[in-house]
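Test case, fold it:
(one chain, ligands or ions: 1)
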Amino acid sequence: MAHELVWRIERVGVVESTNEVVFKRALEGEREGLVLVADAQTRGKGRLGREWFSPHGKSLYMSILFRPSEDKRQFITFTCALAVSDALKRFGLEAGLKWPNDVIVRMRKICGILCESGHGFVVAGLGVNLNVDERELPEEIRGIATSFLIETGQQVDRDEFLKEVLNSLKLWYIKPHPEVLAETRIRSATLGQIVRAVLPSGDIVEGLAEKIDESGALIIRTLSGVKRVLAGEIVHLR
Ligand code: BTN
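This is a model prediction of the structure:
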């Protein structure tokens, strides 16, 4: 069985990006299990060079250092997404996983995950929108993003939520990766949808999201055959 993680939680007020700090610490030899939680980020990093909306004291901004075995490495994003969806469920909110790295509610993003890898380590950055209301969301993400407060009308305690995420993450992390994959497929909000994938090359693949394969890639059935998508931005069309 894989070794159990022991969390070392560190809290900071304001940082540019928790991922940046944890990545540096990883390069300096920090052990696995470091969890850095910030009250706010001034340059929260999203995927594709975007900024992650990180207002003070409202949501969860955290980065976790893993030193995974090779077989687990590529499934860290799914592992984290499962833990976040478990935590949301513990607080009464049903969420789905949007391939490859989002957790969504009613087709809107409530959590984004940014995994950054170095030699022998992965830094998983999780942003979960908790206590922001609709009016506080920047215009460019209104209608696309949501939060726990928007969905439930309730505030959630950030520390309680963090505790749930970490408890669940610890359990998922020791499971063999086929189990992580199987549950990812079950909770996937992408499978069965007609999707548009914008690939890192800029190419577009449109079709039915048919499968998540053994490597975690998304298999899309298009009019010209089956395409295997390893990374990209997915839009659920219907
Ligand atoms: C995405 O674009 O969907 C990924 C967003 C990841 C945001 C989190 S917030 C905590 C951590 N620190 C960062 O700078 N980014 C991640």
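
Would it be right to say that Glu183 lies in a strand?
No: Glu183 is assigned helix when assessed by DSSP: H, G, I helix; E, B strand; the rest coil, not a strand.

Name the nearest residue to Leu88, ignoring sequence neighbours.
Once flanking residues are discounted, Leu88 sits nearest to Ala95: 4.6 Å by C-beta to C-beta, 6 or more residues apart in numbering. Where C-beta positions appear, they are placed from N, C-alpha and C, glycine not excepted.

That neighbour contacts Val84, correct?
Yes: with contacts defined as C-beta atoms under 8 Å, Ala95 counts as touching Val84 at a distance of 7.5 Å.

re earlier: count the neighbours of the residue nearest to Leu88 for me.
As a burial measure, the neighbour count of Ala95 was computed by other C-beta atoms under 10 Å and equals 24.

what residues are up against it?
Ala95 sits next to 84-85, 88-89, 103-105, 110-111 when contact means C-beta atoms under 8 Å, 6 or more residues apart in numbering.

biggest separation within the residues you listed, which pair?
Of all pairs drawn from those, the widest gap by C-beta to C-beta lies between Lys89 and Ile104 and measures 13.6 Å.

Between the two, tell me which one has more neighbours.
Under the criterion of other C-beta under 10 Å, the comparison of Lys89 against Ile104 puts Ile104 first, with 22 against 14.

any idea which helix or strand carries that one?
Remark: Ile104 resides in strand 102-105, with elements defined by DSSP states H and E.

What pairs with that strand, parallel or antiparallel?
Strand pairing for strand 102-105, using DSSP bridges, gives strand 96-98 (antiparallel), strand 108-118 (antiparallel).

Identify each buried residue in it, please.
Of the residues in strand 102-105, those buried under the neighbour-count criterion (16 or more other C-beta atoms under 10 Å) are 102-105.
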